[in-house]
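J.: Structure for the following, please:
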Amino acid sequence: MSFHKADNILTYRTGQGCRSRDKMTSQQSRNEDEVAMSKDNKAVVLYRLQSVARLTRTVLAARLLEQGLYAGQDAVMLQLAAEDGLTPGILAQRLGVRPPTITKTITRLQG
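T.: Sure, this is the predicted structure:
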């Protein structure tokens, strides 16, 4: 069996000649995929994803605390380990935070 797409009509060939399947555009195919994952299923997947993200942040925070670090400080440490001598402005830009936030984080790391 082979499938051929011509003029937005999906057709397939079997040993019995060419038959036209449903006129299925790519938009219709996407709509069917969306129906397959109902709103309820999407809500369940989103809830589970949020739960995993929250648990991951909790575990990370606990492990960082064991090392004497707080959440957010690890990102600064990783950036400086990769490239020493970065200014607070560049660190802030790379981490997507404001420069005063980086200044406060660095002060806490030094103390």
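J.: so where's the protein shaky on pLDDT?
T.: Flagging of the chain using pLDDT under 70 yields the residue ranges 1-37.
J.: Next, please give the residue ranges for the strands of it.
T.: 2-6, 9-14, 17-20 (DSSP state E).
J.: Asp74 is in contact with Leu64, isn't it?
T.: Yes: counting by C-beta atoms under 8 Å, Leu64 is a contact partner of Asp74 at 5.6 Å. The C-beta positions use only the backbone N, C-alpha and C, and glycine is treated the same way.
J.: name the helices or strands packed onto the longest helix along the chain?
T.: Scanning the chain for the longest helix, with DSSP state H as the assignment, gives helix 39-66. Here helix 39-66 touches helix 73-82, going by 3 or more C-beta pairs under 8 Å, 6 or more residues apart in numbering; DSSP states H and E.
J.: Compute the inter-axis angle for the longest helix of the chain and helix 73-82.
T.: Relative orientation of helix 39-66 versus helix 73-82 (axes from the mean of the first three to the mean of the last three C-alpha atoms, to 10 degrees): 70 degrees.
J.: May I see the buried residues of helix 39-66?
T.: Within helix 39-66, the residues that qualify as buried by neighbour count (16 or more other C-beta atoms under 10 Å) are Leu64.
J.: next one: stretch 102-111
T.: For stretch 102-111, burial by neighbour count (16+ other C-beta under 10 Å) applies to 102, 105.
J.: again with stretch 85-101
T.: 86, 88, 91-92, 95, 97, 101.
J.: now swap in stretch 75-84 and tell me
T.: Of the residues in stretch 75-84, 75-76, 79 count as buried by neighbour count, 16+ other C-beta under 10 Å.
J.: Now do that stretch: everything it contacts.
T.: Stretch 75-84 has contacts (C-beta atoms under 8 Å, 6 or more residues apart in numbering) with 69, 86, 91, 94-95, 102, 105-106, 109.
J.: related to what we said a few turns ago, which one of the buried residues of stretch 85-101 sits closest to Thr56?
T.: Closest to Thr56 out of the buried residues of stretch 85-101 is Leu95 (18.3 Å), distances taken as C-beta to C-beta.
J.: any idea how far the residue found closest to the closest one once you drop the neighbours it is linked to in the chain is from Ile102?
T.: Excluding the flanking residues, the one nearest Leu95 by C-beta to C-beta, 6 or more residues apart in numbering is Ala75, at 5.4 Å. According to C-beta to C-beta, to the nearest Å, Ala75 and Ile102 sit 10 Å apart.
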